[in-house]
Structure formats: C-alpha cells, structure tokens
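*Asks:* Quick one: sequence plus predicted model below, questions after.
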Amino acid sequence: MLKEFKNFIMTGNVIDLAVAVILAGAVGMVVNGFVTDIMMPIVGNFAGGVDFADLKYVLSPATVGADGEITKPENAIMYGKWVNSIINLIIVGLVLFTIVKAYNKTKKPAEPEAPAGPSEIDLLKEIRDALKK
C-alpha cells in the first residue's frame, strides 16, 4: 500500500496540481493587492472619494465609558469589504478568461475526421430515390 501511495504521489498530475495550488495562492495575493491598493482607490475616486472598505451599516453603535474607553464595541455589517470582494472576483475572472482564451489560440485546431463513407441513412435515401424512379 505504501508503494502504491508513493507511485500515486510521484505521478506528474499530482505534482502539477500541487504547483498549481501554490501558484494560485500567490496569484491570489497579487490580485488582492492589486484590487485593494490600486483599483479600489480609482473606483472610490470616481464614486465621489468613497473608500469601499470603510462602508458599513451600523447595527448598534459602540458605547464609550466615562473614562473614554470603549465598553461595548460597534456591531456593524461591513458591506464595503464585500464590494471589494466582488470587484476582486470580477478582476480574477477577467484575468483567467484572457489567459484561457490566449492559451486556446495557441492550440493547434483539431483536424476533422474524414468521413468513413456514406452513412446508413444516406444509403437508405438513395435506395428510396432509386425505387421511386
């Protein structure tokens, strides 16, 4: 069983998958940084100077004690972070679409199979037409 497991792990598919997962994590961090640090300030600028990450709907405000310390933290729905995630998803989808499209262009088009001869239906149609004559 150990030998079978070793053979399974050492196949090219498993190693390729491991490399792909590691690269996907790295690309994810790069895309996330691109979205949060570059794209969102641009989008926020066009939206009237709004920082989407700070957008929230406060359910209950924070309570501050007499000494100025927060006794109960604010409870809020942070929908701005969700907007950032949606924009992140759209950008990742666009990048993956362009990569797959470029990859598909590099592939050699499949040659159509040569017909093996007339099909059974064609032969029956010919017989029918000959009998009509």
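*Replies:* Received, thanks.

*Asks:* Do you know the pLDDT at Ala130?
*Replies:* The model reports Ala130 with a pLDDT of 90.

*Asks:* Quick one: neighbours of it, just the number.
*Replies:* Applying other C-beta atoms under 10 Å, we find 8 other residues in the vicinity of Ala130. All C-beta atoms are positioned from the backbone trio N, CA, C, and that covers glycine.

*Asks:* Verify the assumption that it is located in a helix.
*Replies:* Yes - under the criterion used here (DSSP: H, G, I helix; E, B strand; the rest coil), Ala130 sits inside a helix.

*Asks:* any idea how far the residue nearest the centre of the chain is from Ile87?
*Replies:* Ranked by distance to the mean C-alpha position of the chain (C-alpha atoms, centre = their mean), the top residue is Gly93 at 4.5 Å. Plainly put, Gly93 is 11 Å away from Ile87 if you go by C-beta to C-beta, to the nearest Å.

*Asks:* returning to that earlier point: any buried residues in the strand or helix carrying the residue nearest to the centre of the chain, and which?
*Replies:* Under the assignment given by DSSP states H and E, the secondary-structure element containing Gly93 is helix 79-106. The neighbour-count check on helix 79-106 (16 or more other C-beta atoms under 10 Å) flags 80, 83-84, 87-88, 92 as buried.

*Asks:* What are the boundaries of the helices in this structure?
*Replies:* Assignment of helices within the chain using DSSP state H yields the ranges 2-9, 12-34, 40-46, 79-106, 120-132.

*Asks:* Same list, those helices, but as CSV with distance to Tyr57 please.
*Replies:* Below are the helices of the chain laid out as CSV (distance: least, C-beta to C-beta, whole Å):
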stretch, distance to Tyr57
helix 2-9, 49
helix 12-34, 24
helix 40-46, 18
helix 79-106, 6
helix 120-132, 65
